[in-house]
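J.: need a 3D model of the following:
(one chain, ligands or ions: 1)
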Amino acid sequence: MIRERLFQDFREMVKIPSPSGHENMINTHIIHRLEALGARVEYDPGEGGPIGSDGGNIYAFFSGDPARKTILLSAHTDTVTPTVSLEPGLSEGKITGDGTHILGADDKAAIAVIFELLRAAREEGFAHPPIEIALSISEETGLLGASLMDITRFSSKEALVLDMSGTEKIGYAAVGARDIIFDITGKASHAGWAIDEGVNAILGAASLIRKMKTGTVDEESVFNIGLIEGGEAVNIVPERTRIRGEIRSFREGKMDVIVRKALEAAKETEKEFPGMAIDVTVKEKYKPYQNDPKSPLIIALQNAGNSLGRPQSLVRCKGGSDANIFNYKGLESVVLSIGMEDVHSSKEYIYLDDMVRLTEFLIVFLKERK
Ligand SMILES: [Zn+2]
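T.: Here you go, the predicted model:
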């Protein structure tokens, strides 16, 4: 029964494309479902205007035993592209897309599980705490919806973000990330008759990159140079080159060190190429977080797993999620695996059994939560 309903709910949602910035249609569908299941919903489609979205974040409230600690469940309603209204395949329990577009199990599978939880709570009538639900927009484009979200509307002190690959995993820590951009300005000149009058910005870029430690910087940090652009023609000494990279680390301090070394490398490169100027811009994308692996929330999640004979493993996430934003805003949040695999690709899939198992796990967690 649970299996069929989960699949039907999921199927209905993947029929409605919701690329980041265009979430209003799926949100309208989700809100109808949440209200039909007995939740009270707050929604303003204008909320996402400042981040270029046609929708807003969904704030939903489902009553429970007020003597128990309220819990916030969270997921996001947008997906990466390419998307289309698709009919998911279901073969031997494996749900797949059409091979060309993303399936959108990231993160619609989590929303289907939330629907099933509310339905199970009503049907079975078990005692559970009040449940708050935060469904963000434009997560995939930089956690923009969660950044905008007014979490003071929620009373929960703890949140479960349902948005990680794998199964039976609790993400108790995650990296932070910063973009770093180097704008290298040299001097243009004709490469035929005035090559020595030029200052070659591409050579400056090459020298700068060689001075910096990239790839795995230490056991908690990585630094990737991802984009380079510059030059005009083979017979012109290039005046401008831009390099763009990304730093990720579990520690703010370590990101500071990488940035400082990058600034030093830029200064050295300027000295090496007289007449060259290098501007360095650093943009924070999200902060890292590190929760206590022995916090009451994590112990309770592990206990729920043990009650089912499915021990949960604690992991540190090498990517960001809405949990980064919630933790920064003071709401203790962990990420849970939902079974989705090969996300952000046309090979994305999820096993229906893993959605069932996540639902069962959360039901036990809710029943046990005091
Ligand atoms: Zn996601």
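J.: next to the ion, which bits of the protein? Give me the list.
T.: Asp106, Asp107, Asp163 (C-beta under 5 Å from the ion). Quick note: C-beta positions are derived from backbone N, CA and C, even for glycine.
J.: most neighbours of all these, which one?
T.: Greatest neighbour count in those, by other C-beta atoms under 10 Å, goes to Asp107: 28 neighbours.
J.: doesn't that residue fall inside a helix?
T.: Yes - counting by DSSP: H, G, I helix; E, B strand; the rest coil, Asp107 is found in a helix.
J.: beta partners for Ile247?
T.: On the basis of DSSP bridges, Ile247 is bridged to Arg178, Phe223.
J.: may I see the residues of the chain next to the ion organised as TSV, with pLDDT and distance to Tyr328 added?
T.: Shown next, in TSV, are those (pLDDT from 0 to 100; distance: C-beta to C-beta, whole Å):
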residue	pLDDT	distance to Tyr328
Asp106	96	22
Asp107	96	20
Asp163	98	16
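J.: and which of these is nearest Glu42?
T.: Asp107 (20.1 Å; C-beta to C-beta).
J.: who touches the most centrally placed residue in the chain in this structure?
T.: Nearest to the centroid of the C-alpha atoms of the chain, with distances taken as C-alpha atoms, centre = their mean, sits Ser321, at 3.2 Å. Counting by C-beta atoms under 8 Å, 6 or more residues apart in numbering, Ser321 touches Glu139, Leu143, Val161, Asp163, Met164, Gly171, Ala174, Val335.
J.: same question, Val217
T.: Counting by C-beta under 8 Å, 6+ apart, Val217 has contacts Phe223, Ser249, Lys254, Ile258.
J.: please apply the same query to Leu336.
T.: Leu160, Val161, Leu162, Asp163, Met164, Lys169, Ile170, Gly171, Leu301, Leu358.
J.: what about it, distance to Glu35?
T.: To Glu35, Leu336 is 25 Å away according to C-beta to C-beta, to the nearest Å.
J.: the contacts of Leu336 in helices, which ones?
T.: Leu301, Leu358 (DSSP state H).
J.: distance from the chain centre to stretch 303-314, please.
T.: Relative to its chain's centre, stretch 303-314 lies at 24 Å (C-alpha atoms, centre = their mean, to the nearest Å).
J.: correction: stretch 129-136
T.: 18 Å.
J.: so the residue nearest to Gly89 when sequence neighbours are not counted versus Asn57, what's the distance?
T.: Counting by C-beta to C-beta, 6 or more residues apart in numbering, Thr96 is the residue found nearest to Gly89 once chain neighbours are left out, at 4.6 Å. Separation of Thr96 from Asn57 (C-beta to C-beta): 29 Å.
J.: separation between the residue in the chain sticking out farthest from the centre and the ion?
T.: In the chain, Trp193 marks the outermost C-alpha relative to the chain mean, sitting 51.9 Å out by C-alpha atoms, centre = their mean. For Trp193, the distance to the ion (C-beta to the ion, to the nearest Å) stands at 55 Å.
J.: pLDDT wise, what is that residue at?
T.: Trp193 carries a pLDDT value of 92.
J.: same deal with Ile2?
T.: Per the predicted model, pLDDT is 87 at Ile2.
J.: confirm for me that Gly21 is in contact with Glu140.
T.: No - applying C-beta atoms under 8 Å as the test, Gly21 and Glu140 come out as separate, 9.7 Å apart.
J.: contacting residues around Val175?
T.: Contacts of Val175 by C-beta under 8 Å, 6+ apart are Glu220, Arg248, Ser249, Phe250, Pro288, Arg316, Cys317, Lys318, Gly319, Gly320.
J.: for the helix or strand encompassing Gly226, the distance to its chain's centre please.
T.: Assessed by DSSP states H and E, Gly226 sits inside strand 221-230. Mean-position distance between strand 221-230 and its chain equals 20 Å (C-alpha atoms, centre = their mean).
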